[in-house]
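In: Here is my input, please return the structure:
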Amino acid sequence: MILAAIAEYDTMGRDAFLDTYGYGPARGYFLVHEGRRYDSKAIVGVAHRGVTGRPLLPEEFSGGRDTVARRLIRLGFEVTAPGLALGEHTIENLLMKIDSLRTDRSKLTDQPRRHQPLTLLWALGRAAQGEPRLETWARTSAEISSLIDTFGHGDDRPNPEFPVLRLFHDGLWELDESDVPPASTSTAQRWMRDHAPMGGLRPWVHTIVTQHADVRAQIVLHLLEVYFQGVDHEALLTAVGLSSASDAEVPLNDGSPSPQRRQSTTMRVIRDSVLAQQIKDLHGHHCQICGVRLRLPDGSYAEGAHIRPVGQPHNGPDEPGNILCLCPNDHVLFDRGGLTLTDDLLIFDEVAGQVRGSLRLAPQHVINIAHVAYHREAARQVPGRA
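Out: Numbering: from 1, shown residues only. Here you go, the predicted structure:
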């Protein structure tokens, strides 16, 4: 029953799940399942439907350590206590801060300026690469200035002082100086240059984005969607260090057992887009169709699958709404038309002629239904099908 409620939560998304059943966000205790956090009271209340035939209303029972948390722990689930390992700061607190960045608007494009998002992406890349949390101002200033020059709006000046100070006063950034000025005056710019403070993400923020790849990916995708429309996402993520090993050449030797065999080498390019890696991290490498996560000695494995193929003649885009996280088996079935998706994101088995279930969803990963429809129509036009 708990797992069924979790599956429904994943399908609907957090906000819709809580709104549908009338629950508020959890404040202290969260159920942790397969690396993801769930509002514990809401999950238990909805799971109660399996006992009485209807979910419990929030006012019908109390949450907290002695009720919901204790019951979940007895059932073998992991439950986080308030402030566990992160003081008073939580993942939800971090995501809320990211969602509410205070940015000016470009006079040229009337879009939000990109100084703070670029600074955050730079810091997230350092966290993903295992770089030190704090960095000298000389390096910080030079690298963020370069990013603003390359990926900012045409009228974005490469002044990294202001985004760093904004993030400091919003509780996301640390500077090893006292009496830090506001971010709104030229005096602040001179102060940063004169004091040249070491700086970086605050410890609690760094802990979350380092230990939770799915949360880091959620933040990255949110920043890309809100601030970087029309920008080459691959180039940006590579520039900030959020790419995995992308292009690899694998030598394939002739396997003939003949005594007169000739050894030859063929180069096969294996490429997984940077965006695909972010999608896989966001889903914890769980297949969005079957939920399986393959575990290998060097970590988890999944594949990024484009809904509308990127090659000719389909010309699909390499963007989050066109990418799924799939296991190898379901990737083949999806690519070959054995599985399709309905516009409601139900999984349809084209061979059996029936629905298999719902696609697993995750925050910030919005599937483009136009690509879903294109894939479905293309799959049903395969020669030889009735």
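In: check contacts around L95.
Out: Each residue near L95 by C-beta atoms under 8 Å, 6 or more residues apart in numbering is listed here: 215, 218-219. C-beta here means a position set from N, CA and C on the backbone, and glycine is covered the same way.
In: Kindly report the same for P328.
Out: Residues in contact with P328, defined by C-beta under 8 Å, 6+ apart, are 294, 303.
In: Tell me how far it lies from L201.
Out: Distance, P328 to L201, by C-beta to C-beta, to the nearest Å: 35 Å.
In: Just list the residues touching the closest residue to T210 other than its chain neighbours, thanks.
Out: If the residues on either side of it in the chain are set aside, T210 comes closest to A127, at 4.9 Å by C-beta to C-beta, 6 or more residues apart in numbering. Neighbouring residues of A127 by C-beta under 8 Å, 6+ apart: 133, 201, 206, 209-210, 216.
In: can we see that at 6 Å?
Out: 206, 209-210 (C-beta atoms under 6 Å, 6 or more residues apart in numbering).
In: And P55, by the same measure?
Out: Neighbour list for P55: 21, 45-46, 48-49 [criterion: C-beta under 6 Å, 6+ apart].
In: circling back: ranking the contacts of L95 by neighbours, who comes first?
Out: Within the contacts of L95, most neighbours by other C-beta atoms under 10 Å means I219, with 25 neighbours.
In: and the closest residue to it other than its chain neighbours, which of the three is it?
Out: Spatial nearest neighbour of I219, chain neighbours left out: I98 (5.4 Å); criterion: C-beta to C-beta, 6+ apart. Recorded secondary structure, I98: helix (DSSP: H, G, I helix; E, B strand; the rest coil).
In: Isn't I98 up against L221?
Out: No - if you go by C-beta atoms under 6 Å, I98 and L221 don't touch, sitting 11.0 Å apart.
In: so where is the stretch 1-150 of the chain shaky, pLDDT-wise?
Out: By pLDDT under 70, the weakly predicted segments of the stretch 1-150 of the chain are 27-28, 34-35, 65-66, 80-88.
In: How much space separates D335 from V51?
Out: According to C-beta to C-beta, D335 and V51 sit 42 Å apart.
In: Look at these two and report which has more neighbours.
Out: The neighbour comparison of D335 against V51 (other C-beta under 10 Å) goes to D335, with 17 against 10.
In: Now do the contacts for the closest residue to that one other than its chain neighbours.
Out: For D335, ignoring the flanking residues on the chain, the nearest one in space by C-beta to C-beta, 6+ apart is A305 at 6.8 Å. By C-beta under 6 Å, 6+ apart, the contact set of A305 is 324, 326, 331, 334.
In: Mind checking which of these are in strands?
Out: The members of those that map onto strands under DSSP state E are 324, 326.
In: Just the buried residues of the contacts of A305.
Out: Among those, those classed as buried by 16 or more other C-beta atoms under 10 Å are 324, 326, 331, 334.
In: what's the most distant pair in those?
Out: Pairwise distances across those (C-beta to C-beta) peak at 8.3 Å, for the pair L324 and H331.
In: Tell me, how many residues neighbour the residue nearest to I219?
Out: The burial count for I98: 20, using other C-beta under 10 Å.
In: Next: the one 4 residues further on.
Out: With neighbours defined by other C-beta under 10 Å, the count for R102 comes to 10.
In: Look at it and give its secondary structure.
Out: Going by three-state DSSP: R102 is coil.
In: now it: how far from L165?
Out: 12 Å.
In: With V366 instead?
Out: Distance from V366 to L165, by C-beta to C-beta: 32 Å.
In: Check which residues of the strand or helix carrying E143 are buried.
Out: Assigned by DSSP states H and E, E143 belongs to helix 137-151. Neighbour-count burial for helix 137-151 flags 137, 140-141, 143-145, 147-148, 151 (criterion: 16+ other C-beta under 10 Å).
In: and which of those is nearest E161?
Out: Of all the buried residues of helix 137-151, E161 sits closest to S141, with 7.6 Å by C-beta to C-beta.
In: Now do the contacts for the closest one.
Out: In this structure, S141 makes contact with P160, judged by C-beta under 6 Å, 6+ apart.
In: Give me the distance between it and H222.
Out: For S141 relative to H222 (C-beta to C-beta), the value is 25 Å.
In: Sounds good, over and out.
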